[in-house]
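**Student:** Structure for this input, please:
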Amino acid sequence: MAESTPGGQAAVRLTARAAIAAVTDQDSFRELPVPAHEFTETPGLDGPIGWEGYADSLARAEERTGERESVVCGAATVGGTRAVIISFEFGFLGGSLGERTGDRLEAAHRHARAHRLPVVSLIATGGSRMQEGMRALVQLQRVARQSALTGAAGLPRIAVLRDPTTGGGWATLGAGADLILALPGSQVGFAGSRVRPADTDPTAYTAESQVAAGAIDEVVRPEELREALSLRLRLLCAPTPDRAEPPDALGRTDPPATGWEAVSRARAPERRRAAAYLDAYFTDRAPLRGDRCGGTDPGMLCGFGSREGRTVAYAAQCGTATTPAGYRTAARLVRLAGRLGIPVLTLVDTPGAANGAEAERAGAGAAIADLFAAIATASVPVTSLVIGEGGSGGALALSAPDNLWATPDSYFSVIAPEPAAAILKRADEEIRSTAEQLRLRPQDLVGLGLARGVQGPAPSSSTT
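**Tutor:** The predicted model follows:
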């Protein structure tokens with residue numbers, strides 16, 4: 001069934017079991033036992049708070065959907081990876097969360113932790129069940145706690161946002177997941193369609209808008225969802241303690257003769273950028289986008305990739321000034337990789353941190369400090385390669401302090417030569433000599449003990 005959305009795009013609405021069938025391997029789903037209800041009902045009342053007609057509503061929902069609650073929970077394989085599956089039935093009282101919903105969600109997460117399984121939540125909900133009052137609302141605390149415990153146990157949590165995903169379901173299992181996918185045109189937002197301000201922009205409550213705001217990682221078409229989930233589960237469920245090797249250099253092999261030559265090479269428009277390095281290094285990748293604080297930075301590529309059968313997390317600057325959202329996204333990536341036991345690769349390439357008024361208002365200093373802290377306290381090894389410009393603290397924040405490498409087409413400096421000369425009140429013709437004084441060439445970094453080496457190209461294969 002398709003439902004029209006505020007953005008005008010038709011969103012596909014599936015039943016809970018149809019959604020499960022759409023993403024799991026054939027005949028692999030096994031429903032979990034329904035847990036005994038832990039709370040005591042008040043005798044003589046219609047539901048936990050005496051909502052008149054609630055029992056009849058439940059009976060009609062059960063007859064209409066064939067389900068006894070708004071979620072179906074079980075275990076299945078997705079592309080060969082075993083996972084706990086939670087699927088919401090929107091036809092059952094709008095997929096709302098009540099006490100018995102909380103019972104099932106808690107049992108599902110407990111099962112995931114007991115069997116070391118990732119959790120995939122296929123969400124379609126209008127929020128908390130008003131017919132159960134505060135007894136329903138507090139289930140959000142319960143669900144949030146279970147999700148947090150699963151994450152703290154080092155198990156991946158992936159959410160798929162169906163239409164609609166609003167209220168507490170979005171604010172717990174949805175927005176609280178490690179990676180978030182959404183189906184096109186789905187309504188996504190904390191406020192449901194009937195409780196939003198009358199004059200609000202309806203397009204703000206769409207999956208596409210949430211991607212732009214940094215709250216969702218990717219919108220995936222229904223026919224591609226199984227493959228997308230399979231890739232992410234395979235990548236996130238393959239921890240390894242080994243340090244990632246730095247990528248081979250893709251540009252020139254000879255070291256720059258002077259400091260200004262190093263700067264010129266790094267700034268050359270034809271130089272290979274982060275996307276080329278990632279394509280050469282990984283066989284496949286799954287992106288992680290957004291800082292979860294309202295921002296994205298297309299100049300910071302983050303995600304997880306497969307390298308010779310093992311997973312490596314990556315955060316790569318693309319040669320632009322990095323915004324606060326970019327630093328926060330990279331910090332999010334580093335912390336998630338640490339929790340999942342996945343090594344990190346960073347590619348350093350920026351003229352510096354964005355320093356305009358907008359960046360300051362967005363918390364540039366705090367965002368950079370957070371990334372410094374994330375790398376400094378990372379529980380997994382971090383490998384860094386300078387592939388272009390290493391512009392001051394904006395580049396250093398993404399650099400591993402003990403495992404830094406450089407390519408022959410790069411430089412790293414406390415400050416760029418032009419502003420350095422300006423601060424020293426030197427003439428423009430002295431910029432090149434200032435670059436020499438800064439000792440910013442890749443071989444200078446090695447000589448100063450700041451880099452482990454200058455990375456060369458991949459060895460050429462010989463034929464006989």
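**Student:** where along the stretch 101-250 of the chain do the strands fall?
**Tutor:** Here the stretch 101-250 of the chain has its strands, by DSSP state E, counting those that start in this stretch, at 119-125, 157-166, 179-182, 188-189, 218-219.
**Student:** Mind telling me which of the ones you listed the model trusts least?
**Tutor:** The minimum mean pLDDT among the strands of the stretch 101-250 of the chain belongs to strand 188-189 (a mean of 92).
**Student:** what does that strand rub up against?
**Tutor:** 161, 164-166, 170, 174, 182, 196, 204-207, 210, 215-216 (Cβ atoms under 8 Å, 6 or more residues apart in numbering). Where you see a C-beta, it was placed from the backbone N, CA and C, and this is true even at glycine.
**Student:** of those, buried ones?
**Tutor:** 161, 164-166, 170, 174, 182, 196, 204-207, 210, 215-216 (16 or more other Cβ atoms under 10 Å).
**Student:** any weak-confidence spans in this protein?
**Tutor:** For the chain, the stretches with pLDDT under 70 are 1-10, 38-45, 192, 194, 460-464.
**Student:** The closest residue to Trp51 other than its chain neighbours - how many residues pack around it?
**Tutor:** Spatially, and ignoring its direct neighbours in sequence, Trp51 is nearest to Gln131 (4.2 Å; Cβ to Cβ, 6 or more residues apart in numbering). Here the number of neighbours of Gln131 (other Cβ atoms under 10 Å) works out to 22.
**Student:** which residues touch Gln131?
**Tutor:** 47, 49, 51, 54, 57, 93, 98 are the contacts of Gln131 under Cβ under 8 Å, 6+ apart.
**Student:** so which two of the residues you listed are the farthest from each other?
**Tutor:** The distance between the two most remote of the contacts of Gln131 (Cβ to Cβ) is 15.0 Å, for Ile49 and Leu93.
**Student:** neighbour-wise, which of the two wins?
**Tutor:** A direct count of neighbours by other Cβ under 10 Å for Ile49 and Leu93 places Leu93 higher, at 25 against 15.
**Student:** before we move on, the earlier item: export the contacts of Gln131 as JSON lines, with columns for secondary structure and distance to Gly393.
**Tutor:** As requested, these are exported to JSON lines (DSSP: H, G, I helix; E, B strand; the rest coil; distance: Cβ to Cβ, whole Å):
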{"residue": "Gly47", "secondary structure": "coil", "distance to Gly393": "58"}
{"residue": "Ile49", "secondary structure": "coil", "distance to Gly393": "55"}
{"residue": "Trp51", "secondary structure": "coil", "distance to Gly393": "58"}
{"residue": "Tyr54", "secondary structure": "helix", "distance to Gly393": "59"}
{"residue": "Ser57", "secondary structure": "helix", "distance to Gly393": "59"}
{"residue": "Leu93", "secondary structure": "helix", "distance to Gly393": "53"}
{"residue": "Gly98", "secondary structure": "coil", "distance to Gly393": "50"}
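**Student:** wait, which of those residues is closest to Glu227?
**Tutor:** Leu93 (32.2 Å).
**Student:** Please look at the closest one and Arg68 and confirm they touch.
**Tutor:** No: applying Cβ atoms under 8 Å, one finds Leu93 not in contact with Arg68, separated by 11.7 Å.
**Student:** now for this structure, which residue lies nearest the mean position of the chain?
**Tutor:** Leu288 (3.6 Å; Cα atoms, centre = their mean).
**Student:** Beta-bridge partners for that one, please?
**Tutor:** Beta-bridge partners of Leu288, counted by DSSP bridges, are Cys302.
**Student:** Show me the strands in the stretch 301-450 of the chain, by range?
**Tutor:** Assigned by DSSP E, counting those that start in this stretch, the strands in the stretch 301-450 of the chain fall at 310-317, 344-350, 382-391, 404-406, 411-413.
**Student:** so can I have JSON lines of the ones you listed showing distance to Glu430 and mean neighbour count?
**Tutor:** Converted to JSON lines, the strands of the stretch 301-450 of the chain look like this (distance: least, Cβ to Cβ, whole Å; neighbours: other Cβ atoms under 10 Å):
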{"stretch": "strand 310-317", "distance to Glu430": "29", "mean neighbour count": "26"}
{"stretch": "strand 344-350", "distance to Glu430": "25", "mean neighbour count": "27"}
{"stretch": "strand 382-391", "distance to Glu430": "20", "mean neighbour count": "28"}
{"stretch": "strand 404-406", "distance to Glu430": "25", "mean neighbour count": "26"}
{"stretch": "strand 411-413", "distance to Glu430": "16", "mean neighbour count": "27"}
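**Student:** mind checking which of those is nearest Ile123?
**Tutor:** strand 310-317 (24.9 Å).
**Student:** Burial check on Leu424, number of neighbours?
**Tutor:** By the criterion of other Cβ under 10 Å, Leu424 has 10 neighbours.
**Student:** Nearest residue to it in space, please, no chain neighbours.
**Tutor:** Closest to Leu424 by Cβ to Cβ, 6+ apart is Thr434, at 7.2 Å.
**Student:** So that neighbour versus Lys425, what's the distance?
**Tutor:** Look at Thr434 and Lys425: by Cβ to Cβ, to the nearest Å, they are 11 Å apart.
**Student:** what does Arg265 give?
**Tutor:** Going from Arg265 to Lys425 by Cβ to Cβ gives 28 Å.
**Student:** Could you check which of the two has the larger neighbour count?
**Tutor:** Arg265 (23 against 7).
**Student:** So what's the gap between stretch 329-346 and the chain middle?
**Tutor:** Taking Cα atoms, centre = their mean, to the nearest Å, the mean C-alpha location of stretch 329-346 is offset from the chain mean by 10 Å.
**Student:** actually stretch 178-191, not the one I wrote
**Tutor:** Stretch 178-191 sits 13 Å away from the centroid of its parent chain (Cα atoms, centre = their mean).
**Student:** go on, stretch 169-186?
**Tutor:** Mean-position distance between stretch 169-186 and its chain equals 11 Å (Cα atoms, centre = their mean).
**Student:** Can you give me the first-to-last residue distance of that stretch?
**Tutor:** 14 Å (Cα to Cα, to the nearest Å).
**Student:** Please apply the same query to stretch 81-94.
**Tutor:** Using Cα to Cα, the end-to-end distance of stretch 81-94 comes to 30 Å.
**Student:** do the same with stretch 50-57
**Tutor:** Stretch 50-57: ends 13 Å apart by Cα to Cα.
**Student:** got the buried residues for that stretch?
**Tutor:** Using 16+ other Cβ under 10 Å as the test for burial, stretch 50-57 gives 51, 54, 57.
**Student:** Quick check: the second one touching Arg60?
**Tutor:** Spelled out, that is Tyr54. No: here Tyr54 does not reach Arg60: they are 10.8 Å apart, not a contact under Cβ under 8 Å.
**Student:** Make sure Pro343 is actually in contact with Val382.
**Tutor:** Yes: using Cβ under 8 Å as the test, Pro343 is close enough to Val382 to be in contact (7.4 Å).
**Student:** which residues are in contact with both of those two?
**Tutor:** Contact criterion Cβ under 8 Å, 6+ apart; residues shared by Pro343 and Val382: none found.
**Student:** what's the closest of the strands of the stretch 301-450 of the chain to Val454?
**Tutor:** When the strands of the stretch 301-450 of the chain are compared by Cβ to Cβ, strand 404-406 sits nearest Val454, at 5.5 Å.
**Student:** Sweet, I'm off.
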